[in-house]
Every structure is written in C-alpha cells, then in structure tokens.
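[1] just to be clear, the model below is a prediction. Sequence and coordinates:
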There are 2 protein chains.
Amino acid sequence: MIHCDCVPDPTNIPRPTIKRLSLYLRELERHESDGKPTVNSRQLGASVGITDAQVRKDLSCFGQFGQPGIGYRVAGLAVEIRHILKVDREWNAIVVGAGNIGRAIMSYPRFGDKGFRIIAAFDAAPDRVGMEAGGCRVLSMEMLHEYIREHQVQIAILSVPEHAAQDVANTLVEAGIRGILNFAPVRLNIGAGVEVTSVDVSRSLEQLTYQIAAAEA
Amino acid sequence: MIHCDCVPDPTNIPRPTIKRLSLYLRELERHESDGKPTVNSRQLGASVGITDAQVRKDLSCFGQFGQPGIGYRVAGLAVEIRHILKVDREWNAIVVGAGNIGRAIMSYPRFGDKGFRIIAAFDAAPDRVGMEAGGCRVLSMEMLHEYIREHQVQIAILSVPEHAAQDVANTLVEAGIRGILNFAPVRLNIGAGVEVTSVDVSRSLEQLTYQIAAAEA
C-alpha cells in the first residue's frame, strides 16, 4: 500500500466523504464475513449508491489504496478506514439519560466490536438508579462529573429529555468530555473543542417524506 | 413571495440541501416561538454552520424567497419549507418492533406536531402484543400486512432486530408501504418505488470519533 507523501489534513476533508467512509466500512465488513478477499470501487460505489469515480476520489483524500485491475484488499482497506475514523482504538463512553433510547443504546451488543465501550449510564430519576441493561449500570446524576474525570470518559451519549439537555451538556463539557452524541431534539450550545453529532429522528422522517413525494412527482 | 416560473424538479435537488432544509425549519420554529417576525440568511446560516450564500443558494432551488435588506418572513418561510418537505400534510406511520427503540418512538410526543401520526405498532413477541406506549397499541405481527392495506399506512419505522429486518421489510413493501425509516444496522435490499432512510448510531459515533481526533490533530 503506497501512501502519498503529503499528510492529509483531517480538518479539511468534506463531511460527506467522512460519512461515506462509514458506509464503505460496513460493506468491507460484509465482504470480510463472506470471505471475499478483494473488492473494487464499482462494487463499493454500488453498495452506497454512488459512482466508482466518487469512491476513488473519497479514498484518495487519505492516500493511495488499491491496485488497477485488482481493486482493494478487503482486510487492508478495512484496517485503513478504521484507522482514519479512529475506531481502531477503544473509546470510553457513557450514556446520560436511561430512558427508552438510553437503554436501547446500553443494550446494543455491537458497540464493543466497533471500538465503543459503554462503561456506565446516568439518570436523574431515583427509580432508575441501580438498574442494569447490557451489563451496564445506571448511576446517580450527582456522580456524573466525578465519574467522567476519574475514568477519563471521552464520549457521552446524551438521551435526556429536551428541557434538560443543555444543562447536562454543560456538566459534560465542564467535566472534560470530548464528544457528545445528542439524541435530544435541541441544538446544543457548546463551545469550541467539544464535538457534537446529533441524531434527530424527526429530521430523518422529513427526509423520507420528501423522497416519497419526489418519487411520486 | 415570488416564485420563479420554472417548477423545480424535486428528484434533482442535492441531498445535502434537503438535509439543511430540516435544519432551517428547526431554526425558523425557534424564531416563531420567540416571536421574531423576520430572519436573514446570515442568521440562518450561522445556526447551521454555513455561509449566508449557501443558504440563499439552497433556497433558490425552490423559488425566490425573502427580500433584500429585510430577509425572510419567519412564518412564511416555515410554511414554504414544510410544503417542500411535505410535512404540511399528515402521514400515517407505524412502528414495527416494539423494543426499546420502538417504544421510544411510540412515546415521543412531538411527531404529531410535525405531521407524523403513529397509529399502531407491531411486534412478533406475544408478551409485547397488547402493550401500550404513547397512546399507541402493540399489535401482532400477523396483522401487519392487512393493517397497512386497510389504513393506507405510508411510513413504517423499522426497529426490529438485525436478523429479522429484511424479511419484515419485504412484508412492508408487499403491503404497499411507501417509505421505511430503518433503525436496524443492516442495509435493506428494497426495489425501486420504496424509499429507505437509515438511522445508524454506530455510524454517528464514528463521525464523532473522527471529529474528535481531527480537532486534536
């Protein structure tokens, strides 16, 4: 595998490219479990619904992968993409808000494979404290700040009600969290240095209705 | 409000533009609830983290909105965007799979405001049938096909386990569903004419770790 001399600037890669890397990785993992040793850019593109040229362009942001006429080695490219996405290391994560969404996240067995270790959950409701889901225990919200510092937690999955989200996010930031995956339907006001990615189900539904109507038009 | 003569082709709008429309709509709703009558493209852009030029470009795909020096009327632009996203009508939706994620969706009080009416849920587990969440009852999976036809359900929110997702999706398509919001971590193989949008939490976490690492670099 030949890397180009210029080190790519990770702050300068288009967001859609990063999003597609996750999709390429899913496809590579499927090929891996099917025992296929190679894949080409046409196959990768077809799996994501884009052209082979776009696949090659995306990957060229990070170096030179693959060989003309042969394609990419599945295992090698998967390793490279995991490295680019930084999921080749382990990330300590906590769930804050142990309602339905929080418990679904706690119970999801696959995060471990993907480099995310959910080591605790927190909730403000006394009747939820002490509960367990997915081998993970719900602690009192009062322990949140200290726990983050003590266990060097980097990622918080925020699944508290909308009205509590900003206050809890402030606590997370003060305690030194590096990134928040936000399920609350509210835009968090967070200073520089802490990354936020939001999962907004209403927004996904709006995308869907637009596409349905566009297909009818 | 002046619309241009050419009717825009809704199948031809860039996907990122459609995604940003949802974000503009959130910001307009915030302005509406704050009682602010107008907003300009700079404010809208700042809320989404893009330039005012991109906001104007996005909106120009759909017609001419706003007035130089004044900006956009908040209420008027919100109505227009709801119309573009087709959330100014009511969509009948069902939840398939009443586990943690399914129940979280059933219990979410805001979908009604946004044009989505969740009229039933379905589950294969006998002990979940008859349960209620958010005023919505869980029915037996055997009733799924007939229910969709009878109630002209257009949207299914698919929150079944990964191994069941494709089979259930096939049933949904046969019964005439128009769009699927997929929470199962699997790429559904669906023919043309049915739209699929996926919510993949692992993928969102990978975006987050990439951003955290990029900010450190």
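    In hand now; what should we look at? Keep in mind it's a predicted model, so treat the numbers as computed, not measured. Numbers count the residues shown, from 1 in each chain, chains lettered A, B, ... in the order given.
[2] do you know how far the nearest residue to A:Leu172 once chain neighbours are set aside is from A:Lys19?
    Nearest residue to A:Leu172 in three dimensions, chain neighbours excluded: A:Ala156, at 4.9 Å (C-beta to C-beta, 6 or more residues apart in numbering or on different chains). In short, each C-beta sits where N, CA and C put it, glycine included. Distance, A:Ala156 to A:Lys19, using C-beta to C-beta, to the nearest Å: 21 Å.
[3] the two: who's more crowded?
    A:Ala156 (27 against 16; other C-beta atoms under 10 Å in any protein chain shown).
[4] pretty sure the more buried one belongs to a strand, no?
    Yes - membership of A:Ala156 in a strand is supported by DSSP: H, G, I helix; E, B strand; the rest coil.
[5] hmm, A:Gly176 and it touching each other?
    No - using C-beta atoms under 8 Å, A:Ala156 is not in contact with A:Gly176, being 10.6 Å away.
[6] shared neighbours of those two, anything?
    A:Ile148 (C-beta atoms under 8 Å, 6 or more residues apart in numbering or on different chains).
[7] okay, and the beta partners of the residue nearest to A:Leu172?
    Per DSSP bridges, the residues bridged to A:Ala156 are A:Ile94, A:Ile180.
[8] what score does it have for pLDDT?
    Per-residue pLDDT puts A:Ala156 at 97.
[9] next: A:Gly45.
    90.
[10] where does it land in three-state SS?
    helix.
[11] show me what contacts it?
    A:51-55.
[12] hmm, 10 Å instead?
    Applying C-beta atoms under 10 Å, 6 or more residues apart in numbering or on different chains to A:Gly45 gives the contacts A:20, A:24, A:27, A:51-56, A:58.
[13] got it, and A:Thr171?
    A:Thr171 touches A:96, A:122, A:141, A:144-145, A:148, A:156, A:177, counting by C-beta under 10 Å, 6+ apart.
[14] for these, work out which two are farthest apart.
    Across the contacts of A:Thr171, the longest distance by C-beta to C-beta is 14.4 Å; it joins A:Met141 and A:Ile177.
[15] who has more neighbours out of those two?
    Applying other C-beta under 10 Å to A:Met141 and A:Ile177 shows that A:Ile177 carries more neighbours, namely 25 against 20.
[16] the residue lying closest to that one once chain neighbours are set aside and chain B: what is the separation?
    Excluding its sequence neighbours, the residue lying closest to A:Ile177 (C-beta to C-beta, 6+ apart) is A:Ala156, at 5.0 Å. Per C-beta to the nearest C-beta, to the nearest Å, A:Ala156 is found 10 Å from chain B.
[17] I'd like the next helix or strand past the lengthiest helix in chain A.
    In chain A, assigned by DSSP state H, the helix with the most residues is helix A:15-34. Heading C-terminal from helix A:15-34, the first helix or strand you meet, by DSSP states H and E, is strand A:38-39.
[18] now do that next one: which elements does it pack against?
    When contacts are defined as 3 or more C-beta pairs under 10 Å, 6 or more residues apart in numbering or on different chains; DSSP states H and E, strand A:38-39 packs onto helix A:15-34, strand A:72-73, helix A:74-84.
[19] and those as CSV, adding distance to chain B and mean pLDDT?
    Formatted as CSV, the helices and strands packed on strand A:38-39 follow (distance: least, C-beta to the nearest C-beta, whole Å; pLDDT from 0 to 100):
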stretch, distance to chain B, mean pLDDT
helix A:15-34, 4, 89
strand A:72-73, 19, 93
helix A:74-84, 7, 92
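[20] quick one, which of these is nearest to A:Thr197?
    Of all the helices and strands packed on strand A:38-39, helix A:15-34 comes closest under C-beta to C-beta, at 10.6 Å.
[21] so that closest one versus helix A:74-84, what angle?
    Comparing the axes of helix A:15-34 and helix A:74-84 via axes from the mean of the first three to the mean of the last three C-alpha atoms, to 10 degrees yields an angle of 140 degrees.
[22] go through helix A:15-34 and flag the buried ones.
    A:18-29, A:31 (16 or more other C-beta atoms under 10 Å in any protein chain shown).
[23] then stretch A:193-205?
    A:194-205.
[24] equivalent analysis for stretch A:161-171, please.
    A:164-165, A:168-169, A:171.
[25] next one: the closest residue to A:Val95 other than its chain neighbours from chain B, what distance?
    Nearest residue to A:Val95, sequence neighbours excluded (C-beta to C-beta, 6+ apart): A:Ala121, at 4.0 Å. Distance of A:Ala121 to chain B, given as C-beta to the nearest C-beta: 13 Å.
[26] how about A:Ala121, secondary structure?
    Going by three-state DSSP: A:Ala121 is strand.
[27] got the contact list for it?
    By C-beta under 10 Å, 6+ apart, the neighbours of A:Ala121 are A:93-98, A:102-103, A:105-106, A:128-129, A:131-134, A:136-139, A:157, A:159.
[28] please repeat the previous calculation with a cut-off of 8 Å.
    With C-beta under 8 Å, 6+ apart, A:Ala121 has these contacts: A:94-96, A:98, A:102, A:106, A:133, A:136-139.
[29] most neighbours among the residues you listed, please name it.
    Counting by other C-beta under 10 Å, top hit in the contacts of A:Ala121: A:Val95 with 30 neighbours.
[30] do a quick rundown of the strands in chain A.
    Counting by DSSP state E, chain A has strands at residues A:38-39, A:72-73, A:91-96, A:116-123, A:132-133, A:136-140, A:155-158, A:179-182, A:195-198.
[31] for B:Phe62, find the nearest of these.
    Using C-beta to C-beta, the nearest of the strands of chain A to B:Phe62 is strand A:195-198, at 24.1 Å.
[32] next one: that closest one to chain centre, how far?
    Here strand A:195-198 is found 10 Å from its chain centre; the criterion is C-alpha atoms, centre = their mean, to the nearest Å.
[33] likewise stretch A:85-98?
    9 Å.
[34] in that stretch, what's buried?
    Neighbour-count burial for stretch A:85-98 [16+ other C-beta under 10 Å]: A:85-87, A:91, A:93-98.
[35] do the same with stretch A:50-62
    Buried residues in stretch A:50-62 (16+ other C-beta under 10 Å): A:50, A:54-56, A:58-59, A:61-62.
[36] quick revisit: okay, the helices and strands packed on strand A:38-39 in CSV with distance to A:Gly45 next?
    Shown next, in CSV, are those (distance: least, C-beta to C-beta, whole Å):
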stretch, distance to A:Gly45
helix A:15-34, 9
strand A:72-73, 12
helix A:74-84, 14
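[37] from A:Gly69, how far out is the closest residue to A:Val55 other than its chain neighbours?
    In space, and not counting its chain neighbours, A:Val55 is closest to A:Ser41: 4.1 Å by C-beta to C-beta, 6+ apart. From A:Ser41 across to A:Gly69, the span is 12 Å (C-beta to C-beta).
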